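# No letters, just coordinates:
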Ligand SMILES: O=C(CO)[C@@H](O)[C@H](O)COP(=O)(O)O
C-alpha cells in the first residue's frame, strides 16, 4: 500500500522564526509543506502572499502544496507555477469553469487539486475525478488554523474513496483542518492519503516528534 503523507501547514509556524520552522520540517518525516494563501474575500482572513512563499521556497526541500483560498484563482496559476508550487489546489466554490482551471494548472506543470468546503458534497466531483490529482476535503471552515475537526468528514472521505475507486482514478485524498493523533487513524481507515496538520504540529513542544507520531499512526 502507498505511504500515507503528512503535510505540516505553515500557517501555524512561527513567522518570526520561519527559516527555523522550515528546516525542522525538512529534517522531519513530513512529506509536504502545506501553504495556505488567503485573500480576505473568499475566506474572512488574509494569510500571506508571494514574497513569503518565495522565502519559504528558498529553504524548503519537500513538495510545495499550495492551497488557494482566493476568488478567481485562474488569475494566479502562472504566478504560483513560477514561484515553484508543485501542487496547486483551488476551491470548487471559487471556480466557474473547474475543468478548464484544472487543465490550466496542469499545463503549467503542476498537480491539480480541488478543495471542498464542509458544505460541498464530494458527489459534485464525480464527472471530473479523472482530471483531479488531489481532493482537499476541508474538515473545518477554511480561513483559520486551530479550529475543531468536523466529524462528518469521515463520511465524506469514505464517499470520495468510493467515487475514486468506481472511476479507476488515482486522485489523492487530503484532509485539512483540526487533524491530530486523535483522528489520523480513523481518517486513513476511511480512505485518506494526505493529512495536513497546522496547530497540532507547530504548537507542539516537540514538533518533529509530533510529525513522526502522525506519520506512524497514518501508516499503521
Ligand atoms: O486551510 C486551513 C485553514 O483554512 C488549514 O491548512 C489550517 O492551516 C489547518 O490548521 P489546523 O486546523 O491544523 O490548525
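Arrived safely. Here the structure is a predicted model, which is why all the values come from computation and not from measurement.
# For the ligand, give me its nearest residue in this structure.
In the chain, no residue comes nearer to the ligand than residue 198, which is 2.8 Å away by C-beta to the nearest ligand atom. Just so you know, the C-beta spots here come from the backbone N, C-alpha and C atoms, and that holds for glycine as well.
# ok, that residue - contacts?
Residues in contact with residue 198 (C-beta atoms under 8 Å, 6 or more residues apart in numbering) are 8, 9, 10, 11, 12, 34, 145, 146.
# now do residue 41
Contacts of residue 41 were listed using C-beta under 8 Å, 6+ apart, and they are 70, 71.
# just use 18 as the starting number from now, easier for me
Okay, using 18 as the starting number, the last item reads as residue 58.
# how far away is it from residue 207?
Note on residue 58: its distance to residue 207, by C-beta to C-beta, to the nearest Å, is 32 Å.
# do the same with residue 34
For residue 34, the distance to residue 207 - C-beta to C-beta - is 35 Å.
# from the chain's centre, how far out does the helix or strand encompassing residue 35 sit?
Per DSSP states H and E: residue 35 is located in helix 35-44. The chain centroid and the centroid of helix 35-44 are separated by 18 Å under C-alpha atoms, centre = their mean, to the nearest Å.
# model confidence over it, on average?
Throughout helix 35-44, pLDDT has a mean value of 98.
# If you count neighbours, what's buried in stretch 198-207?
Within stretch 198-207, the residues that count as buried by 16 or more other C-beta atoms under 10 Å are 200, 201, 204, 205, 207.
# any residues touching it, and which ones?
In contact with stretch 198-207 (C-beta under 8 Å, 6+ apart) are residues 21, 166, 170-172, 174-175, 178, 192, 196, 212, 217, 227, 230-231, 234-235, 237.
# count of residues packed around residue 74?
15 (other C-beta atoms under 10 Å).
# Shouldn't it be within a strand?
No. Read with DSSP: H, G, I helix; E, B strand; the rest coil, residue 74 is helix and lies in no strand.
# Pull out the buried residues from stretch 180-196.
Buried residues in stretch 180-196, counted by 16+ other C-beta under 10 Å: 180, 181, 186, 188, 189, 190, 191, 192, 193, 194, 195, 196.
# show me the contacts for the fourth one.
It refers to residue 188. With contact taken as C-beta under 8 Å, 6+ apart, residue 188 is in contact with 146, 147, 149, 150, 151, 152, 181.
# ranking the residues you listed by neighbours, who comes first?
Most neighbours among the contacts of residue 188, by other C-beta under 10 Å: residue 152, with 27 neighbours.
# and the gap between residue 189 and residue 234?
In this view, residue 189 and residue 234 are 18 Å apart by C-beta to C-beta.
# cool, and residue 149?
To residue 234, residue 149 is 26 Å away according to C-beta to C-beta.
# Helices along this protein, start to end?
35-44, 67-76, 94-100, 115-124, 170-183, 201-207, 216-219, 224-235 (DSSP state H).
# Show me which residues of this protein sit near the ligand.
By the rule C-beta under 6 Å from any ligand atom, the part of the chain lying against the ligand is 26, 28-29, 51, 53, 84, 157, 159-164, 193-196, 213-217.
# How about the contacts made by the closest residue to residue 21 other than its chain neighbours?
Spatial nearest neighbour of residue 21, excluding adjacent residues (C-beta to C-beta, 6 or more residues apart in numbering): residue 235 at 3.8 Å. By C-beta under 8 Å, 6+ apart, the contact list for residue 235 reads 21, 22, 23, 201, 202, 204, 205, 209, 212.
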